[in-house]
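>>> Would you be able to build a 3D model of this:
(2 chains)
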Amino acid sequence: MVSGLINANPIVYEKKERRVRNEAAVPDEYAVEPIDQLEIFDILDPEHPYSLEELKVITEDAIEVDNERSYVRVTFTPTVEHCSMATVIGLCLRVKLMRSLPSRYKMDIRVAPGTHATEAAVNKQLNDKERVAAALENPNLLDMVDECLAPSYA
Amino acid sequence: MELLDGNLELKEIQKLQGHTDRVWSLAWNPATAAADVPKVFASCSGDKTVRIWEESPSTRSWDCKAVLEETHTRTVRSCAWSPSGRLLATASFDATTAIWENVGGDFECVSTLEGHENEVKSVSWNASGSLLATCGRDKTVWIWEVMPGNEFECIQVLQGHTQDVKMVEWHPTMDILFSCSYDNTVKVWWSDDADGDWSCVQTLGESSNGHSSTVWSLAFNAKGDKLVTCSDDLTMKIWEADIIRMQSGDGYAPWNHLCTLSGYHDRTIFSVHWSREGIIASGAADDAVRLFVESKDGSMNGSSYQLLLKKEKAHDMDVNSVQWCPGEKRLLASASDDGTIKIWELGTLP
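Numbers count the residues shown, from 1 in each chain, chains lettered A, B, ... in the order given. Just a heads-up that it's a prediction; the model follows:
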């Protein structure tokens, strides 16, 4: 059977139980409202009805939050090495963080080393804010991002 | 005032609010540099508008005099005044470059330059105002000839960059065009004779001591014999050329790497600008503004530059553009993702 999908049969992992959000965050008494590391887990994969967590694109270890320095680093793992959706996933992560975090936060979004054929190119594009700004003015792309993000706001 | 004696401060004169999205760029009107003319600059933004700001001669405070809107349909990425200060060119993600004329204080869009496939990222006038250059995501640089009656004719499309072109800038005195790109290089475009074709005569790349990531911006010193470039690789680089040779008509003289300023920035440097008296300002993604000057100690290693001052938290977010006022006073304007523009004055501590 021919499939148009980049990764037609992804492995789906179980969602991790999380009773209370925020528990995993590093306590920081100075932060008025510590950043919830977990709020990006519910983002949907652009190709599948699964969340990025269920596909293990994102794990808790891959999100580094430094409230004191107002810095976030997210390292994600595309499901296949040649995943052409990697930039869309990265864009979703960036938009989610931009909308959730106070504006003082600096963020770096990268694919995990060795997990993508064009790792450097994907990283460069995701961290060029001019290209991100231009991409988000593209209505089709923005629709796609919003669809992926919808469950994360539920 | 001796710059290196220390005790300098960058004092915030005013914070200008009005844009409703990030401010990408700003440009001082060169015709307003004289002491008896009110200072004017333009700013452009992700809110699709351009704003014109003017200093009141009596109160010394800055006000928005005009909002240029409903022309560009997407982000306005950059703006540039013609040398006479009569025309303002604005480059937009909507794939067009608009030309605005100041008619008695009102700005009218008198021409729209179409041709780029998609986002236009930068626009620059040559020294005489007879040529305009634009560049964009389609990897090309366009040279336009300014014709009578606000007509602009594309005379050449320059191809050579392998990725989107972030900025174009003409040399301050000669018709040499510089472009910098996401492909990590700076390209120099030159025409042997007045009517001839433009071609790339030099590529300042990593193999010639150039940058190892996106080159965001470049600027010249007042004399035009030095060039500073800034990059996502967290460095600034100074380049030098024998402009006397070029001015005397002996052909092209290459730009040589003079020194690299590294270790000062820890996030992308978006903007550099060289003041008339030799102070280089930088604006970066760490929200800070830094000033650099050439070191006085004539060391054996040749030229070197040192940090004069660092203004932490100059803005609440990334600093996208820093521009020195062309006038007598040491005024600097900065534009930021926080949606504001700040006017700074460099002075001595009391």
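
>>> So A:D66 sits against A:V72, correct?
Yes - because the distance of 7.5 Å satisfies C-beta atoms under 8 Å, A:D66 is recorded as touching A:V72. No exception for glycine: its C-beta is placed from N, CA and C like everyone else's.

>>> Quick one: residues in contact with stretch B:56-68.
Residues external to stretch B:56-68 that are found in contact with it (C-beta atoms under 8 Å, 6 or more residues apart in numbering or on different chains): B:14, B:16, B:18, B:38, B:40, B:49-55, B:88, B:90, B:100, B:105-107, B:109, B:343.

>>> buried subset of the residues you listed?
Burial by neighbour count, judged by 16 or more other C-beta atoms under 10 Å in any protein chain shown, picks out B:14, B:16, B:18, B:40, B:49-55, B:88, B:90, B:100, B:107, B:109, B:343 from these.

>>> per-residue confidence averaged over stretch B:224-234?
Taken as a whole, stretch B:224-234 has a mean pLDDT of 98.

>>> cool, stretch B:161-178 as well?
Mean per-residue pLDDT for stretch B:161-178: 97.

>>> Same question for stretch B:312-326.
What stretch B:312-326 shows for mean pLDDT is 97.

>>> can you confirm A:E130 is in a helix?
Yes - with the criterion set as DSSP: H, G, I helix; E, B strand; the rest coil, the secondary structure at A:E130 is a helix.

>>> you'd agree it is up against B:K166?
Yes - taking C-beta under 8 Å as the definition, A:E130 is a contact partner of B:K166 at 7.4 Å.

>>> Which elements pack onto the helix or strand bottoming out on mean pLDDT in chain A?
Per-element confidence for chain A was summarised using mean pLDDT, DSSP states H and E. The lowest value among helices and strands belongs to strand A:63-66, with a mean of 86. Identification of packing neighbours for strand A:63-66 by 3 or more C-beta pairs under 8 Å, 6 or more residues apart in numbering or on different chains; DSSP states H and E yields strand A:71-76.

>>> List the buried residues in the strand it packs on.
Neighbour counts over strand A:71-76 (16+ other C-beta under 10 Å) mark A:72, A:74-76 as buried.

>>> Turn these into JSON lines, columns for distance to B:D233 and pLDDT.
Supplementary listing: these in JSON lines, determined by distance: C-beta to C-beta, whole Å; pLDDT from 0 to 100:
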{"residue": "A:V72", "distance to B:D233": "22", "pLDDT": "91"}
{"residue": "A:V74", "distance to B:D233": "22", "pLDDT": "92"}
{"residue": "A:T75", "distance to B:D233": "21", "pLDDT": "94"}
{"residue": "A:F76", "distance to B:D233": "24", "pLDDT": "92"}
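
>>> Mind telling me what element residue 108 is part of?
Using chain A. strand A:106-111 (DSSP states H and E).

>>> that's the wrong chain, I meant chain B
Taking DSSP H and E as the criterion, B:E108 maps to strand B:106-114.

>>> repeat for B:H211
With secondary structure defined by DSSP H and E, B:H211 is part of neither a helix nor a strand.

>>> quick one, what contacts it?
Listed by C-beta under 8 Å, 6+ apart, the contact set of B:H211 reads B:184-186, B:229, B:231-233, B:235, B:237.

>>> If we check chain A, which of the residues you listed are in contact?
Among those, the residues lying close to chain A (C-beta under 8 Å from any C-beta of the partner chain) are B:D232.

>>> still on that earlier bit, list of residues touching the following helix or strand past the strand holding A:D108?
On the C-terminal side of strand A:106-111, the nearest following helix or strand under DSSP H and E is helix A:119-126. For helix A:119-126, the external contacting residues (C-beta under 8 Å, 6+ apart) are A:86-87, A:90-91, A:94, A:109-111, A:113, A:116, A:131-132, B:182, B:213-214, B:232.
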